[in-house]
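1. Task: produce atomic coordinates for the following.
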Amino acid sequence: MKLFKVISLAVLGLFLVNCDNSKSTVNDLQQKAEQAGAEISDKAKDLYQQTKSQTQDILDKVKEGNYNLAQDLAIKGIKQELPLTIDQNTALVDVSKDDKTISYKYAVNGIAKEAFDSDSNQKMVFNKLLDVYCSKDVTVNAIKLAFPNGANHNYYINDDKVLSLNVKPSDCDNR
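-> So this is what the prediction gives:
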């Protein structure tokens with residue numbers, strides 16, 4: 001769960017940090033994305049090791065058919081790590097559940113609200129979330145099993161929701 005959040009937030013943070021009025025070249029943006037990708041990968045590996053036993057507990061509860069307990073374990077594990085800094089502009093500040101959906105709340109600082117208004121920016125962030133959500137990662141799959149209706153990613157600036165993206169298992173069907 002943490003892995004999914006960290007990767008999602010880091011991707012969003014990387015994207016939004018690069019949203020300015022300057023004319024960056026494609027090569028500059030590719031280089032920044034590759035550097036951030038390496039940092040995200042290292043952070044994801046560390047978090048995976050930390051959550052490995054918790055992931056197994058969640059999977060065991062799902063196998064037993066106890067989704068509610070599996071969800072509670074996932075939420076409890078994540079909340080113990082909050083607030084979780086994703087990047088210089090983004091922090092995961094809360095996580096909750098609504099029936100069979102997990103909801104993440106991110107606080108964003110140093111990024112203009114307008115950066116979230118662009119359809120192309122939203123689509124890019126959504127696709128990055130899908131890359132993680134639709135991966136074969138064990139931790140991500142445990143979260144998907146515990147929360148079969150998907151994940152809501154809510155981004156806030158000064159307690160005002162500026163972006164909400166919902167990722168569902170069916171979004172992975174065309175990937």
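2. List phi and psi for K79.
-> Phi and psi for K79, reported as degrees, to the nearest 10, are phi -60, psi -30.
3. any idea how far it lies from K97?
-> Note on K79: its distance to K97, by C-beta to C-beta, to the nearest Å, is 11 Å. In short, each C-beta sits where N, CA and C put it, glycine included.
4. more crowded one of those two?
-> The neighbour count for K79 versus K97, taken as other C-beta atoms under 10 Å, is higher for K97 (16 against 12).
5. mind listing the helices for this structure?
-> Assigned by DSSP state H, the chain shows helices spanning 2-17, 26-63, 67-79, 119-133, 138-146.
6. Report the buried residues of the shortest one.
-> Right, helix 138-146. T139, V140, N141, A142, I143, K144, L145, A146 (16 or more other C-beta atoms under 10 Å).
7. I'd like to know how far the first one sits from D98.
-> It stands for T139. T139 sits 21 Å away from D98, going by C-beta to C-beta.
8. Flag the helix or strand of this protein with the lowest per-element mean pLDDT.
-> The least trusted helix or strand in the chain, going by mean pLDDT, DSSP states H and E, turns out to be helix 2-17, with a mean of 47.
9. roughly how far apart are the residue nearest to Y67 when sequence neighbours are not counted and D57?
-> Closest residue in space to Y67, ignoring its immediate chain neighbours: A146 at 6.3 Å, by C-beta to C-beta, 6 or more residues apart in numbering. Using C-beta to C-beta, A146 is found at 10 Å from D57.
10. Pretty sure L165 sits against N121.
-> No. Counting by C-beta atoms under 8 Å, L165 stays clear of N121, with 11.1 Å between them.
11. What separates the first and last residues of stretch 85-99, distance-wise?
-> Stretch 85-99 has an end-to-end distance of 27 Å (criterion: C-alpha to C-alpha, to the nearest Å).
12. where does the protein dip in pLDDT?
-> Scanning the chain for pLDDT under 70 picks out 1-53.
13. burial count for the residue nearest to K97 when sequence neighbours are not counted?
-> Counting by C-beta to C-beta, 6+ apart, K97 lies nearest to Q71, which is 5.1 Å off, once chain neighbours are set aside. Number of residues near Q71 (other C-beta under 10 Å) recorded here: 21.
14. likewise E81?
-> Count around E81 with other C-beta under 10 Å applied: 16.
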